[in-house]
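# Turn this into a structure:
(2 chains)
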2 protein chains.
Amino acid sequence: MPDRTNRQFRLAARPAGLPKPTDWELTTESVPAPREGEVLIQVLYVSIDPAMRHWMNEGRSYTEPVQIGDVMRAGTVGCVIESRNRNFRVGDCVVGGQGVQLFAISSGRGLRKVDPALAPLPAYLGGLGVTGLTAFFGLLEVGRARAGDTVVVSAAAGAVGSVVGQLAKIGGSRAVGIAGGRDKCAYLLDIGFDAAIDYKSENVEQALDEHCPHGIDVYFDNVGGDILDSALAQLARGARVVLCGAISQYNLTTAVRGPTNYLSLLFSRARMEGFVTSDYKERYEAAIQKLARWRAEGRLQLREDIVDGLEAFPETLLRLFRGENTGKLMLKVAEV
Amino acid sequence: MPDRTNRQFRLAARPAGLPKPTDWELTTESVPAPREGEVLIQVLYVSIDPAMRHWMNEGRSYTEPVQIGDVMRAGTVGCVIESRNRNFRVGDCVVGGQGVQLFAISSGRGLRKVDPALAPLPAYLGGLGVTGLTAFFGLLEVGRARAGDTVVVSAAAGAVGSVVGQLAKIGGSRAVGIAGGRDKCAYLLDIGFDAAIDYKSENVEQALDEHCPHGIDVYFDNVGGDILDSALAQLARGARVVLCGAISQYNLTTAVRGPTNYLSLLFSRARMEGFVTSDYKERYEAAIQKLARWRAEGRLQLREDIVDGLEAFPETLLRLFRGENTGKLMLKVAEV
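Residues are numbered from 1 along each chain as shown, chains lettered A, B, ... in the order given. Take a look at the predicted model:
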């Protein structure tokens, strides 16, 4: 009989600014048995995502906030270890939102079976998971990137950004990435970006002007702030600005800074549009098949940054906000 | 032989903030005879528009800036008084961009003949001119307003805003207008708006919450600033924010203030999009026929604020920025 003690990170306080250790409570409890219709999942990998910072805030967002005392919400890959649900069998690998914990009961709602033969399990939290799907639908549906377009993406060495740039190339666009530091920029060129801009050492607006001589057709924004403004200043006519996130603004204790150059949308007949990946749920499977094929063909390189142990959660989340991760960040919380 | 002395307002200096009298030079010159292919136009009405403030600035906009020493750009209605162009006859009434002056030579390019029997000439600078066309294409094409939508418009008692609200009603939407002062709000209710919010005496965000219980589907923005932020906070899912202008920001000597609540676009899966009316030129005639029919049926009420005399130009432009006009502002510069 394996260890059936559950450990969980629960939200203890709503943070102001960056989450502090005291904003979390690590709890221990026994694992209940599934009731009729339920499955018991052992979590294997926990996804660490910028959106987590949103979920910790009270108030209006695209989803309900995590309540004080609740297990922190997170995307997970796990394994069904007991089943009283006819749709799932022991041994099934499933993606879901089981949260930052070792075990979880699920009714099956929101669970998606994944095939460990098609790709290693961590890929299903990365390029073949919500991360990759965010890049896919954001770039192709919201951004309508087409062959010949110039696509610019910020946080380009991050989990979503690196897929955006590679999908842009697969679709025949020119891909320009913005990232912080020489190593990240070298990585972008390695995986096929046409140009990489180091925002820590370059003037982003001048560099965009140089690398996008015909302006920016699609700007995929993960960061907000000054970089969004620099991109707005360089839009081509009819450009699409895809709002995916604003990591520069998530931990501010001051007001969010709106994009000063927003009137460029007017002059450029351009649009700025937000989206939420889960709105495309019915098209996930078809998109994952494409992403998996490009991965298998070597056209889509996925990089994961896997940290060992549930206890590393608070510090690992901070690494994300400090931009220290290389590739899709996740925790490995059980031996696979 | 009528007086053929031309008088013209030329840009003397690029203003910082509101245009000062010294930013203009009033010049006098004789009117040249048209050459082969040209017509001579006597200007009758000069349109006074917020966009003029943009045209006075150096740098990137949706059109070239007016150069120092040039006649100030303006939409006009005039009358052909000499013609050496086979497409125009003496007596033709024409809309064009003849600028802030009494007479102008034109090659015919950019001139549109209008029918004084269909509507009085000032209407062709207002509801049946670029003003009405801006409302029409902005609301219906960019904003995609549909029956049942809640449409909110700022500067709603202004030339564009008042048409936006009435077109929303004609299309079966709910129309909520934001304007400054009790008289303007009373006017909005008079012409059929469902609700009017006085931004000078009400909390706009609370009032929007009250008048838009299902959120805002289309927000047509003429002002920017705080009011744009209040509207962003109240967007319905899938909302469209139409950027038509930002009169609150045009005369600032400080940086434009970007919309702090822009991330609401993300949560609401909404878009903010700019447009330039002249991109729809090929569809002007069909739209004007519709607008004229609605006007004739009494469903579209147009109000003009007509000021006498070319010399009133500098002060009249300031009235626009002080929000003192009621309806479409224009100068009458010749006896009709």
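
# Off-centre distance for stretch A:92-112?
18 Å (Cα atoms, centre = their mean, to the nearest Å).

# wait, stretch A:222-240
20 Å.

# Repeat that for stretch A:262-278.
21 Å.

# cool, stretch A:301-310 as well?
13 Å.

# Around chain B, pick out the residues from the stretch 201-336 of chain A.
Counting by Cβ under 8 Å from any Cβ of the partner chain, the residues of the stretch 201-336 of chain A close to chain B are A:224, A:229, A:243-246, A:249, A:255-276, A:279. C-betas here are computed from N, CA, C, even on glycine.

# did I read that right, residue A:279 in a helix?
Yes - assessed by DSSP: H, G, I helix; E, B strand; the rest coil, residue A:279 belongs to a helix.

# Chain neighbours aside, what residue packs nearest to it?
Spatial nearest neighbour of residue A:279, excluding adjacent residues (Cβ to Cβ, 6 or more residues apart in numbering or on different chains): residue B:269 at 6.3 Å.

# quick one on the thing from earlier: now which of the residues of the stretch 201-336 of chain A next to chain B would you call buried?
The neighbour-count test (16 or more other Cβ atoms under 10 Å in any protein chain shown) marks A:224, A:229, A:243-246, A:249, A:256-276 as buried among these.

# Pick out the residue closest to the middle of chain A.
Residue closest to the average C-alpha location in chain A (Cα atoms, centre = their mean): residue A:131, at 4.2 Å.

# Can you point out the helix or strand that includes it?
Assigned by DSSP states H and E, residue A:131 falls within helix A:130-137.

# which secondary structure elements does that helix contact?
helix A:159-170, helix A:284-296 (3 or more Cβ pairs under 8 Å, 6 or more residues apart in numbering or on different chains; DSSP states H and E).

# which one of these is the most hemmed in?
For the helices and strands packed on helix A:130-137, the largest average neighbour count (mean count of other Cβ atoms under 10 Å in any protein chain shown) is found in helix A:159-170, namely a mean of 28.

# Going toward the C-terminus from that one, what's the next helix or strand?
Assignment by DSSP H and E places the next element after helix A:159-170 at strand A:174-179.

# strand partners of that next one, parallel vs antiparallel please.
Taking DSSP bridges as the criterion, strand A:174-179 sits next to strand A:150-154 (parallel), strand A:195-198 (parallel) in its sheet.

# Could you tell me the average pLDDT over the longest one, please?
Regarding strand A:150-154, the rounded mean pLDDT is 97.

# The shortest one now?
Taken as a whole, strand A:195-198 has an average pLDDT of 98.

# can you dump the C-alpha coordinates of it into PDB?
The C-alpha coordinates for strand A:195-198 follow below in PDB (Å, rounded to 0.1, in the frame of the first residue of the first chain):
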ATOM      1  CA  ALA A 195      15.600  38.000 -34.600                       C
ATOM      2  CA  ALA A 196      15.800  38.300 -30.900                       C
ATOM      3  CA  ILE A 197      15.700  41.600 -28.900                       C
ATOM      4  CA  ASP A 198      17.300  41.700 -25.400                       C
END
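
# Tell me how far that strand lies from the chain's centre.
The answer for strand A:195-198 is 21 Å, by Cα atoms, centre = their mean.

# Give me the contact list for it.
Strand A:195-198 has contacts (Cβ atoms under 8 Å, 6 or more residues apart in numbering or on different chains) with A:156, A:175-182, A:184-186, A:188-189, A:204, A:207-208, A:211.

# After that strand, which helix or strand is next? Please name it.
Sequence order places helix A:204-211 as the next helix or strand after strand A:195-198, per DSSP H and E.

# Parallel or antiparallel, list what pairs with the helix or strand following that next one.
Remark: after helix A:204-211, the chain's next helix or strand is strand A:216-221, criterion DSSP H and E. If you go by DSSP bridges, strand A:216-221 pairs up with strand A:150-154 (parallel), strand A:235-243 (parallel).

# most tightly surrounded among these?
strand A:150-154 (a mean of 30).

# Quick one: work out the angle between that one and helix A:159-170.
In terms of direction (axes from the mean of the first three to the mean of the last three Cα atoms, to 10 degrees), strand A:150-154 departs from helix A:159-170 by 170 degrees.

# which residues make contact with strand A:150-154 from outside it?
For strand A:150-154, contacts defined as Cβ under 8 Å, 6+ apart pick out A:139, A:143, A:145, A:161, A:164-165, A:168, A:173-179, A:208, A:212, A:214-223, A:227-228, A:231, A:236.
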